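K.L.:
Predicted coordinates and the sequence they were generated for:
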Amino acid sequence: MSILDDMGALARQAGQIVLSARDVWSHTHEKTSAADLVTEFDEAVEAFLKEQLPRLLPGSLFFGEEEKENCDPSRGWVFIVDPIDGTTNFVRGLSQSAISIALAHDGRVEHAVVYDPYKDELFSASRGGGAFLNGKAIHVSPLPLSQGIFGMGTAIYKREYLAPSLRVTEQLMARSCDFRRLGAAALDLCCVACGRTEVFFEYSLCPWDFAAASLIVTEAGGYVSTMAGGPLTVTGRCSVWASNDVNKDVLKELAV
């Protein structure tokens, strides 16, 4: 098996922790606000992955949402992990959450998996090797935005981005058929990768939110950047724009 296969197998195992969760509300507490939640299941998934992933690549480090090692994610081999992307969805029983695992080398993501345990969908990619859903090749949509839909996030931890988020949403609505707000950025990005949507944007995401899925988008033939048009970075928060190839220039035409 390849390291990508091993990462996928561990994501599937971690997904069983998510699916087995019961009485989630009583195992939930706030981190910074009522919109920023963590559950004992997030912590259990991360503990499992923190133990298992470094065994795949001795000497690698672990950079997770809930428990970060004292490491620079832009140096050496680093697993960048979101144990449950879409925690609020998970707490609310909305069944729209995922496990996201990226393996980066010197700040560049080389291997990535995003697993939706509710749909049993495993998105995966290795740099230069294409993108896959449950082992079958996926590609971005060929549709222009005028015939498509877009996804968006509201950067709930950074309320100063609410106004610009709504401003961009209004501009994209004028160009598209509709939009979706799913509440799990990794899955939003994977929707672009497999052609379910044409565009996704959010003004403030952490590396574990986008690291894996951004590689999956580009390996599926799509485009990713910050809202300013620059490269994404795994060292801290940044904005994210993702699109199929035909819509990549739409960003330049928006008042962001």
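P.N.:
That came through, no problem. Everything numeric in this text was worked out from a predicted model, so none of it was measured.

K.L.:
Strands along the chain, start to end?
P.N.:
28-33, 36-39, 61-64, 77-85, 98-105, 108-116, 121-126, 131-133, 136-138, 149-152, 178-180, 199-205, 223-225, 238-243 (DSSP state E).

K.L.:
closest to A11 out of those strands?
P.N.:
Checking the strands of the chain against A11 by CB to CB gives strand 108-116 as the closest, at 3.9 Å. Bear in mind the C-beta positions are built from the backbone N, C-alpha and C, glycine included.

K.L.:
Flag every buried residue along that closest one.
P.N.:
109-116 (16 or more other CB atoms under 10 Å).

K.L.:
Next: stretch 139-148.
P.N.:
Buried residues in stretch 139-148, counted by 16+ other CB under 10 Å: 139-141, 143, 145, 148.

K.L.:
nearest to P164, of these?
P.N.:
Closest to P164, out of all of the buried residues of stretch 139-148 and judged by CB to CB, is L145, at 18.8 Å.

K.L.:
Name all residues that make contact with the closest one.
P.N.:
Going by CB atoms under 8 Å, 6 or more residues apart in numbering, L145 touches 172, 175-176, 198-199, 247, 250.

K.L.:
Please save the CA atoms from stretch 239-256 in CSV.
P.N.:
Extracted in CSV, the C-alpha atoms of stretch 239-256 (Å, rounded to 0.1, in the frame of the first residue of the first chain):
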residue,chain,number,x,y,z
SER,A,239,-8.7,33.4,2.7
VAL,A,240,-9.5,30.7,0.2
TRP,A,241,-10.9,30.9,-3.3
ALA,A,242,-11.4,27.7,-5.3
SER,A,243,-13.0,27.2,-8.7
ASN,A,244,-13.0,25.1,-11.8
ASP,A,245,-10.7,26.3,-14.6
VAL,A,246,-13.3,28.1,-16.6
ASN,A,247,-14.2,30.3,-13.6
LYS,A,248,-10.7,31.1,-12.2
ASP,A,249,-10.7,34.6,-13.6
VAL,A,250,-14.1,35.5,-12.0
LEU,A,251,-12.2,36.4,-8.8
LYS,A,252,-10.4,39.2,-10.6
GLU,A,253,-13.7,40.7,-11.6
LEU,A,254,-15.2,40.9,-8.1
ALA,A,255,-15.0,43.8,-5.6
VAL,A,256,-13.5,41.8,-2.7
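
K.L.:
Give the buried residues for that stretch.
P.N.:
239-244, 246-248, 250-251, 256.

K.L.:
JSON lines please, covering those and showing distance to P73 and pLDDT.
P.N.:
What follows is the buried residues of stretch 239-256, written out as JSON lines (distance: CB to CB, whole Å; pLDDT from 0 to 100):
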{"residue": "S239", "distance to P73": "18", "pLDDT": "97"}
{"residue": "V240", "distance to P73": "16", "pLDDT": "98"}
{"residue": "W241", "distance to P73": "21", "pLDDT": "98"}
{"residue": "A242", "distance to P73": "20", "pLDDT": "98"}
{"residue": "S243", "distance to P73": "25", "pLDDT": "98"}
{"residue": "N244", "distance to P73": "28", "pLDDT": "98"}
{"residue": "V246", "distance to P73": "32", "pLDDT": "96"}
{"residue": "N247", "distance to P73": "29", "pLDDT": "97"}
{"residue": "K248", "distance to P73": "26", "pLDDT": "91"}
{"residue": "V250", "distance to P73": "30", "pLDDT": "97"}
{"residue": "L251", "distance to P73": "26", "pLDDT": "96"}
{"residue": "V256", "distance to P73": "26", "pLDDT": "86"}
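
K.L.:
Tell me which two of those sit farthest apart.
P.N.:
Top of the distance list for those (CB to CB): S239 and V246, 21.3 Å.
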